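> What follows is a predicted structure for the sequence shown.
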Amino acid sequence: MDLGLRGRTVLVTGASSGVGLATARMLLAEGAHVAACARDADRLVGTLKEAQERAQEQRGATGRVHAVAGDVTSRASMASFVESTVAELGVVDAVVCNAGRSLMATIEDTSDDQVRDEFELKIFGALNVIRAAQPHLAKSEVASVVTLNAILARQPEPRLAVTSAARAALLNLTRTLSHSLGAEGIRINSVLLGLIDTGQWTRRYEAADTTQSYEEWTGELAADRGVVLGRLGTADEVAWPIVSLLSPLSGYTTGACIDVGGGVARYV
Ligand code: NDP
């Protein structure tokens, strides 16, 4: 199936690992051009070069890559990311607000500065790049934004207290943005994640210093959290809903959410 993304330019924040990297790979395989940022530019450039070569070898895809250092919490950094993308690739057709992490802590164990940092990352981490890209998106006939979020936005967990609250705020803001962006023909949707097997979990496994294998540890984690499918999801299983929302085939979907949680959500 042709997703209508060939030759389109998509910005992906946090594309050097996990969900962002899987999304960049899938977009390149579809023939899209990818502009990517992360704080560690060396890792980003290396992984995207490899992704571009793989898309060329396996799919004959000719998408270009623009990879630069950027911090999503800095408005100036995101303005410069968007400017350099337009200079290199000409246009911006879509944005994936992916960069981020979560703070595993109860409210009692969270300092005021950590609360501020978490809201800063969740809100400005999306808003800075969206604001910078908006004038360019408004010129595209297939303009679309996807914000990566978590099922925690609707189903808060005390062990992720501030992350849950900040995610709820981002979900709320994404819905509000669907009105102002929609007036300019720009769609925006959320993908709400459960437990996805990326660097976030391998780092926690290493910190846990357990005698269990990674498979045993993640299996127990999935059971403990009540994941219906009994396992963590893969980054590719998230990349597909993101890419399908970006596709003009989803042209009448905006302000919506897709859950990718293997059945962990308890709400209807
Ligand atoms: P990873 O840790 O695998 O990748 C995070 C990416 O974001 C890296 O490329 C990292 O590169 C980049 N990044 C982090 N902070 C910044 C920043 N301030 N500015 C620019 N880039 C940044 O994470 P995942 O793939 O697991 O997560 C993707 C998104 O999904 C995140 O927003 C995460 O919070 C969310 N999510 C993930 C879940 C999971 O179970 N994996 C669950 C729920 C939500 P660098 O460090 O070089 O900047």
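Noted; the coordinates are in hand. Only a predicted model underlies this, so the values are computations on that prediction, with no experimental measurement involved. Numbering: from 1, shown residues only.
> elements contacting the biggest helix by length in the chain?
Longest helix in the chain, counting residues (DSSP state H): helix 161-182. Helices and strands touching helix 161-182, as assessed by 3 or more CB pairs under 8 Å, 6 or more residues apart in numbering; DSSP states H and E, comprise helix 112-119, helix 125-137, strand 144-150, strand 187-193. For glycine as for every other residue, the C-beta is placed from the backbone atoms N, C-alpha and C.
> tell me which residues of it are tucked away?
Neighbour counts over helix 161-182 (16 or more other CB atoms under 10 Å) mark 161-168, 170-171, 173-175, 177-178, 181 as buried.
> ok so, going back, how about the helices and strands packed on helix 161-182 in a markdown table, adding distance to the ligand, mean pLDDT and mean neighbour count?
Below are these laid out as a markdown table (distance: least, CB to the nearest ligand atom, whole Å; pLDDT from 0 to 100; neighbours: other CB atoms under 10 Å):
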| stretch | distance to the ligand | mean pLDDT | mean neighbour count |
| --- | --- | --- | --- |
| helix 112-119 | 10 | 98 | 14 |
| helix 125-137 | 6 | 98 | 22 |
| strand 144-150 | 4 | 98 | 27 |
| strand 187-193 | 4 | 98 | 25 |
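> With distance to Gly63 as extra columns, can I get these in a markdown table?
Converted to a markdown table, the helices and strands packed on helix 161-182 look like this (distance: least, CB to CB, whole Å):
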| stretch | distance to Gly63 |
| --- | --- |
| helix 112-119 | 34 |
| helix 125-137 | 18 |
| strand 144-150 | 17 |
| strand 187-193 | 21 |
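> mind checking how far Arg101 is from Lys139?
33 Å (CB to CB, to the nearest Å).
> chain center to stretch 142-149, what's the gap?
Between the centre of stretch 142-149 and the centre of its chain there are 9 Å (CA atoms, centre = their mean, to the nearest Å).
> How about residues contacting that stretch?
Residues from elsewhere that reach stretch 142-149 (CB atoms under 8 Å, 6 or more residues apart in numbering): 4, 8, 19, 93-98, 100, 126, 130, 133, 137, 167, 170-171, 174, 177, 181, 184-193, 238, 242, 245-246, 248, 250-251, 257.
> Just checking stretch 171-180 against the ligand, any contact.
No: Stretch 171-180 stays clear of the ligand (CB under 6 Å from any ligand atom), getting no nearer than 11.8 Å.
> and that stretch, average pLDDT?
In this model, stretch 171-180 has an average pLDDT of 98.
> interface residues of this protein facing the ligand?
Applying CB under 6 Å from any ligand atom, one finds that the chain approaches the ligand through 13-20, 37-40, 43, 70-73, 98-102, 148, 150, 193, 195-196, 198-200.
> quick one: which of these sit in helices?
Among the residues of the chain next to the ligand, the members falling in helices (DSSP H) are Gly18, Val19, Gly20, Arg43, Gly199, Gln200.
> need the next SSE after the helix or strand containing Leu221, C-terminal direction.
Element membership for Leu221 (DSSP states H and E) is helix 214-225. Sequence order places helix 235-246 as the next helix or strand after helix 214-225, per DSSP H and E.
> Good, wrapping up.
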